[in-house]
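Colleague: pasting the structure only:
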């Protein structure tokens, strides 16, 4: 009844190669940890794979994206080194209907900035904050079954103003020990694609091992998945009374 | 150029009569304090008056509402005792274009609940929390000139889930010492009227003496004011091609 | 994998008893026609029943609502005769998580007005208009598989301004031969419940026999269904650091 | 009381140079006609200027943008020839607080696409359609005093799906003779800037001579204007308890 979902978890895989703390917390890498969690939550028919920055074309070839329903993206230190052509390709696939889940520091990824049109800047602190993730949209599919609040004993602080467009749905708002607040779970539609931004998940804290965070990600994958042909909206001329034949400027059917 | 605004600050005036702390903090009553602050911020042509629960018809006669552009409402202990007929009258005026600013515990006022259609419930604590009021919509008129954040050294905690409809604009989000967060400034349109809910302002803390809070209230009054005839939307039949003659079911012009 | 959905289609059943045109178009009544269509679209495990105005307590007893996941509502001539106690009961169940789909002239039903807080008025014409239903949110679950546009050769005209709050999602906008437009498919969340308003469906036109309209209704039923206990949001005091024990004013756990 | 507004009307000025119909309809050019109308509506202290594609740097130098509060943009045939550096400059100023009003075929301008993150595609027809512009947000400042509907006897048809993000406010929806509908007036916030898209205004119809259209544009200019320093949001580290000192990664104050 429910279509199988083909998920691709993209990890920058930089901290995992060079930093001791993430290596200790995530011996299987962050993307590997997320992928394993999704496999547990999703059905047997669903497929969860991973790709990283170092793969050819960052592991995001045209062929790979064509068979991806939902792409999760974690990046941080190497945003600027991501190939512009690959970014444009991912952008096109999102507008064509591929789901995108941008995680934590991916707020500054090229693909997220291109989709938002804003600076995507925020305030932050690497400190000793506890993060509480509060549901403010209890009817949203991504919030189903999620505890109120999710308690993350330690996390990097992300605070407002977060410069993104008004979301379609504000699902989660986080509060930090220092008093800062953050719109930590937000949905956006762009073209035919559904996007979810979710801020918990710094490399220095074991956030992706938290069962509630894993539930949010699994809910988000199901929500972002659509069963549709991969086609972007496009301009079309329509003659009077002919609603179903898109045409070029000169009347030629597309 | 800017039309004068006629403002009415409604106070329940219960705590001011019976409780020592509010009496000490607000020797001129809460509504009196708010009204004085608005007089300072608004222009000389604007008129700011007050009304209270104990006035005849709670001070909210038909004649009074007809000459009110923006009504501010503070209530707490006597919500249930507000006359249903007066509530219906205020409701009608809001739908007809009168601005309404619901303050703090007015989340549980009959008029706010009737306009929202929800329970308007929330979590709360009378404790030792500091409240930080963060702007999340810096382009909104109500946020102009407001510091980021407003720091209220002590306030009652209001926390999520706050059961109201998705607002038109989420302007402020508050964070509390205890880690709770709250959508503390929200706008709604209902009929021809503009509504702003603003949560800071418990009777036991000197919140309405804070200059930044006063600025928010003055901004909100200007924003909620519209220069329009006081008429609610109403059903009307329109004949084909006649867009400007509203009619009864039988064709009689209204 | 997908939970079974228990659907209740409520019909006023007035036109079906007294008017020739609806009797001819809908020999099985409007609610009967809608229920049959839903049975075709939904799974075998789902249950679709009907209730009408003339049933005891309008067929909407506490027990009946407790076992209803999604309620569809069609009413027109007898809005004022619906029992206020039953309306309050349905309202409570929506806030507790029951889905509600308000159809066509149900814009003026007591339950819809109570949930919206506005007049819910609009412009209208019983004429010779063709209605085109355009999808403006192609990523929304309710729009999946729906043709662009749905062509309804004849329909009553409903036009703007439609006095409802800004919806969570604007899914469909209709255009009529006479030039009027209408936000014809809108979602709202209230409390824990999801609401969809869908305007096509006058008693004098065979709209509910249209396969695309039936698909929209089936999509809407699936979207409005949530697997959650039937509980409304409620006010609760929380002590500092105790996020999971809701309490009364005096500290007693609820 | 109200700050003076410095308005810049940017016109591509291509049709005015090469096509007979626009030359006849707009002997003073389109941007010239719009500027003249704005001068009539705004106050004596306000300043309305024009710039065109053929000016050095398209008339949009850094210095010029710094003293522009609201930029109106009309373009059509030469979108691709607009210099990317100038587009980036305008983008930066919008995020810094400059208002932007994108007109008609500017839906396909580089600057609008960059701000939206979508294809901005739509359906269209150069035909014999009448356009009716309906207000669906009567409380919005841009709709104040605007007739319901605005009747444009002839206009190019723009129809849904219009691939833009969900707007902050949907102010106007248009209906066309052919039955198509279009979200013709929408607001967006990006960074510190306010954006209004308004679709009426093809070069082959005298739309900008219509007094109601001119009123919409004047309302939009006032709405888009903010009295604020021209600064974009930017990332900043904040130490615990220090909400007002933005810092670099290493703690240096910005």
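Modeller: In hand now; what should we look at? Just so it is clear, the structure is predicted and the values come from calculations on it, not from any experiment. Numbering: from 1, shown residues only, chains lettered A, B, ... in the order given.
Colleague: Now the phi/psi pair for residue A:164, please.
Modeller: Residue A:164 adopts backbone torsions of phi -130, psi 160, taken as degrees, to the nearest 10.
Colleague: In this structure it contacts residue A:113, no?
Modeller: No: at 9.6 Å, residue A:164 and residue A:113 do not qualify as touching, with contact defined as Cβ atoms under 8 Å. C-beta coordinates here come from the backbone N, C-alpha and C atoms, glycine included.
Colleague: which neighbours do these two share?
Modeller: residue A:120 (Cβ atoms under 8 Å, 6 or more residues apart in numbering or on different chains).
Colleague: what about the two, which has more around it?
Modeller: Legend: neighbour count by other Cβ atoms under 10 Å in any protein chain shown for residue A:164 and residue A:113, higher for residue A:164 (24 against 19).
Colleague: what's the burial count for the nearest residue to that one once chain neighbours are set aside?
Modeller: Setting aside the residues directly before and after it, residue A:164 is nearest to residue A:116 in space (Cβ to Cβ, 6 or more residues apart in numbering or on different chains), at 5.1 Å. Neighbour count of residue A:116, defined by other Cβ under 10 Å: 23.
Colleague: Next up, the contacts around residue A:116.
Modeller: A:164-165, A:188, D:117.
Colleague: How much space separates it from residue B:166?
Modeller: Counting by Cβ to Cβ, to the nearest Å, the gap from residue A:116 to residue B:166 is 20 Å.
Colleague: for residue A:75, same thing?
Modeller: Going from residue A:75 to residue B:166 by Cβ to Cβ gives 31 Å.
Colleague: Now do the strands in the stretch 51-200 of chain A.
Modeller: Here the stretch 51-200 of chain A has its strands, by DSSP state E, counting those that start in this stretch, at A:70-74, A:99-103, A:123-125, A:131-135, A:150-152, A:157-159, A:169-176, A:181-190, A:193-198.
Colleague: how about a markdown table for the ones you listed, with mean neighbour count, mean pLDDT and distance to residue B:3 added?
Modeller: What follows is the strands of the stretch 51-200 of chain A, written out as a markdown table (neighbours: other Cβ atoms under 10 Å in any protein chain shown; pLDDT from 0 to 100; distance: least, Cβ to Cβ, whole Å):
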| stretch | mean neighbour count | mean pLDDT | distance to residue B:3 |
| --- | --- | --- | --- |
| strand A:70-74 | 26 | 98 | 50 |
| strand A:99-103 | 26 | 98 | 45 |
| strand A:123-125 | 21 | 98 | 39 |
| strand A:131-135 | 26 | 98 | 40 |
| strand A:150-152 | 20 | 98 | 48 |
| strand A:157-159 | 25 | 98 | 38 |
| strand A:169-176 | 27 | 98 | 34 |
| strand A:181-190 | 26 | 98 | 35 |
| strand A:193-198 | 26 | 98 | 41 |
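Colleague: Now render those as JSON lines, adding distance to residue B:226.
Modeller: As requested, the strands of the stretch 51-200 of chain A are exported to JSON lines (distance: least, Cβ to Cβ, whole Å):
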{"stretch": "strand A:70-74", "distance to residue B:226": "44"}
{"stretch": "strand A:99-103", "distance to residue B:226": "39"}
{"stretch": "strand A:123-125", "distance to residue B:226": "35"}
{"stretch": "strand A:131-135", "distance to residue B:226": "34"}
{"stretch": "strand A:150-152", "distance to residue B:226": "41"}
{"stretch": "strand A:157-159", "distance to residue B:226": "34"}
{"stretch": "strand A:169-176", "distance to residue B:226": "27"}
{"stretch": "strand A:181-190", "distance to residue B:226": "29"}
{"stretch": "strand A:193-198", "distance to residue B:226": "35"}
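Colleague: For those, give me TSV that also has distance to chain B.
Modeller: Converted to TSV, the strands of the stretch 51-200 of chain A look like this (distance: least, Cβ to the nearest Cβ, whole Å):
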stretch	distance to chain B
strand A:70-74	24
strand A:99-103	18
strand A:123-125	9
strand A:131-135	5
strand A:150-152	9
strand A:157-159	7
strand A:169-176	4
strand A:181-190	4
strand A:193-198	14
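Colleague: Give the bridge partners for the residue nearest the centre of chain A, please.
Modeller: Among the residues of chain A, the one closest to the centroid is residue A:101, at 1.3 Å (Cα atoms, centre = their mean). Under DSSP bridges, the beta-bridge partners of residue A:101 are residue A:72, residue A:196.
Colleague: pretty sure it contacts residue A:198?
Modeller: Yes: Residue A:101 lies in contact with residue A:198 (Cβ under 8 Å); the separation is 6.7 Å.
Colleague: Between those two, which contacts overlap?
Modeller: Contact criterion Cβ under 8 Å, 6+ apart; residues shared by residue A:101 and residue A:198: A:217, A:220.
Colleague: Name the residues that touch the longest helix along chain A?
Modeller: Ordering each helix of chain A by length in residues (DSSP state H) puts helix A:211-224 first. Helix A:211-224 is contacted from outside by A:5, A:7, A:34, A:37-38, A:40-42, A:69-70, A:72, A:99-101, A:133, A:141-147, A:150, A:152, A:172, A:185, A:187, A:194-196, A:198, A:200-201, A:207-208, using Cβ under 8 Å, 6+ apart.
Colleague: now the angle from it to strand A:181-190?
Modeller: Helix A:211-224 and strand A:181-190 are oriented at 20 degrees to each other (axes from the mean of the first three to the mean of the last three Cα atoms, to 10 degrees).
Colleague: Run the angle between helix A:211-224 and strand A:70-74 for me.
Modeller: 140 degrees.
Colleague: Would you mind telling me which of residue A:75 and residue B:166 has the busier surroundings?
Modeller: A count of neighbours by other Cβ under 10 Å puts residue A:75 above the other of residue A:75 and residue B:166, at 26 against 22.
Colleague: I figured that one was touching residue A:105, is that so?
Modeller: Yes: taking contacts as Cβ under 8 Å, residue A:75 lies within contact range of residue A:105: 6.5 Å.
Colleague: for stretch A:28-38, which positions count as buried?
Modeller: By neighbour count on 16 or more other Cβ atoms under 10 Å in any protein chain shown, the buried set for stretch A:28-38 is A:29-35, A:37-38.
Colleague: For burial, what's the neighbour tally of residue A:252?
Modeller: Around residue A:252 there are 8 residues (other Cβ under 10 Å).
Colleague: Kindly report the same for residue A:62.
Modeller: Residue A:62 has 11 neighbours, counted by other Cβ under 10 Å.
Colleague: Within range of chain D, give me the residues from the stretch 1-150 of chain A.
Modeller: By the rule Cβ under 8 Å from any Cβ of the partner chain, the part of the stretch 1-150 of chain A lying against chain D is A:95, A:108, A:114-119, A:121-125, A:127-129.
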